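**Q** when you get a sec, could you give me coordinates for this:
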Amino acid sequence: MGDVTAAASADGSARGTWGAGLRLAFGTLSLLPAGTPSRLDREVGGRAMVLAPVVGAVLGGVAAGVVALLQLMRPNAELLAAVLGVLAAAGLSGALHLDGLADFADALGSRRDRETMLRIMKQSDIGPFGVVAIIGVLLIDVAALAACIHAGFGWQAILLAVTASRLTLPWSCRTAVPGARPGGLGAIVAATVRPLSAALTTIVVLAAGLLLTWLTALAMPTSDSATIDQSRSPDALLLIGVTAAILLAIATSFVTTHRARQALGGTTGDVLGATVELALPVALLTLALTA
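**A** Numbers count the residues shown, from 1 in each chain. Prediction:
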């Protein structure tokens, strides 16, 4: 009887940890109401990072709805749909990741010592490197999404790219990447995710992305040449593009965390935000070139 009670208690504790992690993920990665986590520690922080793609799927879903709705209302307004879709995703995240990108860019651009760079990242102002970084990623986001919309893969692209960009967070918080300083959100989530957990999360996101792409491809009209040539699947390039977009987003995480370890000694909340914002244009650009 005691073993059963202990097992039930452990199961309830695990569910509580995941629930707190989900609240923390939505509370820190979006402006959506999520409530206060029942506990806040490194275990919950790790759960939150593993669940970050769930937040990305919700934010991406809203942005996808904006794109799809505008396309229904104004089919030829591709640029407007792209701008509103990108702004919806950024606004729902509270522009938190863009701020992190600006801070990280200013720190690296200063070419100063580690302590000075960390101090620059804590300041509230934005320098020239930060401004250029924000403008650059937003321009690529809008241009790439507009190309995807033109190719008939618009709302799917923003949904997949926003989700893939949040998939960088479990990889950025893998156990091999330490925190750069003891305080802040970065210290709570740094080095909390096992590579196996990040890999399993990637498999789930990749499978969902490929399923969405396959269903979209089935709904797309096929050309006469594709109908005649049955040996070549008409949606093969799109499936490859989605796979590449997700994997390249993860690669962005490895590049950014490697640079952060060199310059700062580890990761911070700003580095995590920068990784998200760098992975988004990488994913959208990959989809634009293959859609």
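
**Q** isn't residue 46 up against residue 201?
**A** No. Counting by CB atoms under 8 Å, residue 46 sits too far from residue 201 to count as a contact (11.6 Å). No exception for glycine: its C-beta is placed from N, CA and C like everyone else's.

**Q** between the two, which one's more packed in?
**A** A direct count of neighbours by other CB atoms under 10 Å for residue 46 and residue 201 places residue 46 higher, at 24 against 21.

**Q** count of neighbours near the nearest residue to the more buried one once chain neighbours are set aside?
**A** Spatial nearest neighbour of residue 46, excluding adjacent residues (CB to CB, 6 or more residues apart in numbering): residue 192 at 3.2 Å. Using other CB under 10 Å, residue 192 has 23 neighbouring residues.

**Q** could you pull up phi and psi at residue 192?
**A** phi -110, psi -10 (degrees, to the nearest 10).

**Q** kindly report the same for residue 127.
**A** Residue 127 adopts backbone torsions of phi -90, psi -170, taken as degrees, to the nearest 10.

**Q** and it, how far from residue 112?
**A** Note on residue 127: its distance to residue 112, by CB to CB, to the nearest Å, is 12 Å.

**Q** quickly list what's touching both of the two.
**A** residue 120 (CB atoms under 8 Å, 6 or more residues apart in numbering).

**Q** compare those two (neighbour count), which wins?
**A** Per other CB under 10 Å, whichever of residue 127 and residue 112 has more neighbours is residue 127, with 17 against 14.

**Q** and the next helix or strand past the one helix or strand in the chain whose mean pLDDT sits lowest?
**A** Taking mean pLDDT, DSSP states H and E as the measure, the chain has helix 224-228 as its least confident helix or strand, at a mean of 45. Taking DSSP states H and E as the definition, the helix or strand that follows helix 224-228 towards the C-terminus is helix 236-264.

**Q** tell me which residues in that next one are buried?
**A** 238-239, 241-247, 249-250, 252-253, 256-257, 260-261, 263-264 (16 or more other CB atoms under 10 Å).

**Q** quick one: mean pLDDT for the helix or strand following that helix?
**A** Sequence-wise, the next helix or strand downstream of helix 236-264 (DSSP H and E) is helix 269-290. On average, the pLDDT along helix 269-290 is 97.

**Q** which elements pack onto whatever helix or strand residue 148 lives in?
**A** Following DSSP H and E, one finds residue 148 within helix 128-150. Using 3 or more CB pairs under 8 Å, 6 or more residues apart in numbering; DSSP states H and E, the elements in contact with helix 128-150 are helix 52-73, helix 78-92, helix 96-110, helix 154-172, helix 269-290.

**Q** any weak-confidence spans in this structure?
**A** Within the chain, the segments meeting pLDDT under 70 span 1-14, 220-234.

**Q** if we go to 80?
**A** 1-15, 36, 38, 183-185, 217-235 (pLDDT under 80).

**Q** from the chain's centroid, how far away is the helix holding residue 148?
**A** Centroid displacement of helix 128-150 relative to its chain, using CA atoms, centre = their mean, to the nearest Å, is 15 Å.

**Q** flag every buried residue along that helix.
**A** 129-130, 133-134, 137-138, 140-149.
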